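K.L.:
Have a look at this fold, sequence not included:
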Ligand SMILES: Nc1nc2c(c(=O)[nH]1)N[C@H]1C(S)=C(S)[C@@H](COP(=O)(O)OP(=O)(O)OC[C@H]3O[C@@H](n4cnc5c(N)ncnc54)[C@H](O)[C@@H]3O)O[C@H]1N2
Ligand code: MOO
Ligand SMILES: [Mg+2]
């Protein structure tokens, strides 16, 4: 009798993986290399932003009280006593009916409390005329209006993106605490697999999972240790994986996790003494995704079918790696969308359909990205989301509200919700 596997719910499988994760140590990185890394210290404002009251426009710095009563019929004249470009500091305060020519970003001179836009003035020989009154604070960018000193602006565990870089630079972080990266190994298994450079041969296909998973890792900022392709050979694969486990924190394989005669991963885990957390998940594609541990190492046995491989990585490997790196938003971001087409197939397991979402007049609509079986490769290329169709339904109709997981986003989610 063939041994039957017991499928577990997706959320439980994710939890099993996440329970194994311990955060990696912290290291310092140069600001120029920090983009895409996970911040491991909060960004606290070490000074107010802006650090001084400054002009929001090119124009003139004046005392607002001197503009009282100004109108078309009663223009008020101002004498210009100097000029302040951004970066220079005036040393004489503004007096009654006096003004400084001032540029955007320049510090306000003492006594000045408002800025007149250049366009609102009529030039005169030694100054300008103004035809409308100003209030104190007009066109001034105030000290601390963006951030107060001591404010926690970004939490530890956030992914650094160009906006974060700007903030780090603002506060003078030449270096910043980030997580070290896990060493991730990747091995594609399958006697049928050809290298990308090889001619197609009957019965064989090119290895697409290897390069795909490499790219999925790259999206997390990780360069993997690529062990290439191996034929389905129990002894040789075991040896390579045993060696790879010495050299990596996480070892990803693709293929060989099902029940075929050459699906050797279950036997390899056994030989390696790895403990299998699960080998069947109530999801499609990727139902045979297998995750195991060996000491503090994690082994992800992603399915050979490309869509299943892709989905297994996004659902299990991605949050595991991000959590190791201290991310507080390791899950794919999810939003609600309208299903753009009927999906009438029975759903014994939750389906993750490679889809395309777009904004329409009806709101966000998500459609399957084409041929959608677990062996599909074209729909992975077209998709920008995974449409989640929970199990237990006999089908989903166009217009129904569904959850979708957004792919390739910088932002993530703190909890698994779908
Ligand atoms: N009797 C059963 N058969 C299968 C079951 C099952 O439950 N009972 N599960 C099916 C499901 S679901 C999937 S998914 C696949 C999983 O297969 P494996 O993970 O064992 O992967 P392989 O057998 O090695 O390959 C499957 C398929 O994928 C192609 N492949 C493999 N590696 C690559 C690669 N690197 N690049 C591109 N394509 C790859 C391979 O040629 C096969 O076509 O099993 C079902 N069978
Ligand atoms: O694991 Mo398979 O991909 O469910 O289709
Ligand atoms: Mg197989």
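P.N.:
Looks like it arrived, so ask away. It should be emphasised that the depicted structure is a prediction, and the values quoted were computed from it without experimental measurement. Ligands and ions are numbered 1, 2, ... in the order given.
K.L.:
Contacts only, for residue 228.
P.N.:
Counting by C-beta atoms under 8 Å, 6 or more residues apart in numbering, residue 228 makes contact with 187-188, 210. Backbone N, C-alpha and C define where each C-beta goes, glycine included.
K.L.:
Okay, and which of those map to helices?
P.N.:
In helices, judged by DSSP state H, the following of the contacts of residue 228 are found: residue 210.
K.L.:
what's the nearest residue to the residue of the stretch 251-400 of the chain found nearest ligand 1 if we skip its chain neighbours?
P.N.:
Scanning the stretch 251-400 of the chain for the residue nearest ligand 1 gives residue 304, at 2.5 Å (criterion: C-beta to the nearest ligand atom). Beyond its immediate neighbours in the sequence, the residue positioned closest to residue 304 (C-beta to C-beta, 6 or more residues apart in numbering) is residue 255, lying 3.2 Å away.
K.L.:
Specify the local secondary structure of the closest residue to residue 76 other than its chain neighbours.
P.N.:
Excluding the flanking residues, the one nearest residue 76 by C-beta to C-beta, 6+ apart is residue 70, at 4.4 Å. At residue 70 the chain is in coil, as set by DSSP: H, G, I helix; E, B strand; the rest coil.
K.L.:
Return the residues in contact with residue 70.
P.N.:
So residue 70 contacts 76, 130-133 (C-beta under 8 Å, 6+ apart).
K.L.:
Could you let me know which of the residues you listed ends up closest to ligand 2?
P.N.:
Using C-beta to the nearest ligand atom, residue 132 is the member of the contacts of residue 70 that lies nearest ligand 2, at 69.5 Å.
K.L.:
Quick one: residues contacting that closest one.
P.N.:
67, 70-71, 120.
K.L.:
Do you know the pLDDT at residue 2?
P.N.:
Predicted confidence (pLDDT) for residue 2: 63.
K.L.:
Next: residue 400.
P.N.:
Predicted confidence (pLDDT) for residue 400: 96.
K.L.:
That one: what's its closest spatial neighbour, skipping adjacent residues?
P.N.:
residue 339 (4.9 Å).
K.L.:
Surely that neighbour touches residue 404?
P.N.:
No - the criterion here is C-beta atoms under 8 Å, and residue 339 misses it with residue 404 at 9.3 Å.
K.L.:
who has more neighbours, those two?
P.N.:
Taking other C-beta atoms under 10 Å, residue 339 and residue 404 do not tie; residue 404 has more neighbours (27 against 22).
K.L.:
By residue count, tell me the biggest strand in this protein.
P.N.:
strand 350-360 (DSSP state E).
K.L.:
So what are the sheet partners of that one and their directions?
P.N.:
The pairing partners recorded for strand 350-360 under DSSP bridges are strand 283-284 (parallel), strand 363-368 (antiparallel), strand 385-389 (antiparallel).
K.L.:
of all the residues in the protein, which ones are close to ligand 1?
P.N.:
Proximity of the chain to ligand 1, by C-beta under 6 Å from any ligand atom, involves residues 188, 190, 192-193, 205, 207-210, 254-260, 263, 285, 287-288, 303-306, 308, 374-375.
K.L.:
For residue 264, give its distance to residue 300.
P.N.:
Note on residue 264: its distance to residue 300, by C-beta to C-beta, to the nearest Å, is 16 Å.
K.L.:
can you check residue 11 too?
P.N.:
In terms of C-beta to C-beta, residue 11 sits 18 Å off from residue 300.
K.L.:
Settle it for me: which of these two has more neighbours?
P.N.:
Of the pair residue 11 and residue 300, residue 300 is the one with more neighbours under other C-beta under 10 Å, namely 25 against 13.
K.L.:
For the more buried one, pull up the helix or strand it's in.
P.N.:
Using DSSP states H and E, the element containing residue 300 is strand 297-302.
K.L.:
avg pLDDT for that strand?
P.N.:
The pLDDT scores in strand 297-302 average 98.
K.L.:
which strands and helices sit next to it?
P.N.:
helix 234-247, strand 250-254, helix 265-272, strand 290-294, helix 306-312 (3 or more C-beta pairs under 8 Å, 6 or more residues apart in numbering; DSSP states H and E).
K.L.:
and residue 59, which of the ones you listed is closest to it?
P.N.:
helix 306-312 (55.6 Å; C-beta to C-beta).
K.L.:
bridging residues for the residue nearest to residue 207 when sequence neighbours are not counted?
P.N.:
Once flanking residues are discounted, residue 207 sits nearest to residue 193: 4.2 Å by C-beta to C-beta, 6+ apart. Assessed by DSSP bridges, residue 193 has beta-bridge partners residue 205.
K.L.:
ok, now residue 354?
P.N.:
residue 386.
K.L.:
For it, list the residues it contacts.
P.N.:
307, 310, 368-370, 372, 376, 379-380, 382-383, 385-387.
K.L.:
which parts of the stretch 201-350 of the chain sit against ligand 2?
P.N.:
Checking the stretch 201-350 of the chain against ligand 2 by C-beta under 6 Å from any ligand atom, the hits are 284-288, 303, 305, 308.
K.L.:
If we check ligand 3, which of those residues are in contact?
P.N.:
The subset of those within reach of ligand 3, by C-beta under 5 Å from the ion, is empty.
K.L.:
Redo these as JSON lines? Include neighbour count and distance to residue 58.
P.N.:
Listed next are these as JSON lines, based on neighbours: other C-beta atoms under 10 Å; distance: C-beta to C-beta, whole Å:
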{"residue": "284", "neighbour count": "22", "distance to residue 58": "61"}
{"residue": "285", "neighbour count": "25", "distance to residue 58": "59"}
{"residue": "286", "neighbour count": "26", "distance to residue 58": "58"}
{"residue": "287", "neighbour count": "21", "distance to residue 58": "64"}
{"residue": "288", "neighbour count": "26", "distance to residue 58": "65"}
{"residue": "303", "neighbour count": "27", "distance to residue 58": "61"}
{"residue": "305", "neighbour count": "22", "distance to residue 58": "61"}
{"residue": "308", "neighbour count": "27", "distance to residue 58": "59"}
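K.L.:
That concludes my questions; thank you for your assistance.
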